[in-house]
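Asks: Fold the following.
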Amino acid sequence: MSAAKQINYPIRENVNIGEVRISEEVVIVIAALAATEIKGVESMAGNVTNELVSHLGAGKLSKGVKLHVGEKTIDVDLSINILDGYEIPEVSEKVQEKVKSAIETMTGLKVKSVNVKIAGVAVENE
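Replies: Numbers count the residues shown, from 1 in each chain. Purely as a prediction, here's the structure:
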């Protein structure tokens, strides 16, 4: 299995102390955890490849999240399953805010965009 991609950025612009290397997998897990904390989000959703990877032990949190890393910014694409009865625009906005805040706070990376795709609607069992 190949090593996870690393995201590199300096600790400080002015002083050359060193650099911090963050695995993309870490940022993906931060995004997924933040998204699933929002009331109305049932789970992360993934495509067939992501589903296969999660069954092989890479974890359910990594499915449904894609990162696009630029020079100084990061774009996040999320696929989620929403619970029936919740307003999609309201839940999506909360997910965007929470994911952006979590990534920026925990990593220091600048999040340019958080794109949310509603992949499905889950009905709660009564």
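
Asks: for the protein, which helix is longest?
Replies: helix 88-107 (DSSP state H).

Asks: For that one, which residues meet the burial criterion?
Replies: Residues of helix 88-107 classed as buried: 91-92, 94-96, 98-100, 102-103, 107 (neighbour count, 16 or more other CB atoms under 10 Å). For the C-beta atoms, the positions are set from N, CA and C on the backbone; glycine is no exception.

Asks: Of these, just say which sits nearest to Val20.
Replies: Distance to Val20 across the buried residues of helix 88-107 (CB to CB) is lowest for Thr107, with 8.3 Å.

Asks: right, and the closest one touches Ile28 too?
Replies: No: assessed by CB atoms under 8 Å, Thr107 is found out of contact with Ile28, at 11.4 Å.

Asks: who touches both of those two?
Replies: With contacts taken as CB atoms under 8 Å, 6 or more residues apart in numbering, Thr107 and Ile28 have no neighbour in common.
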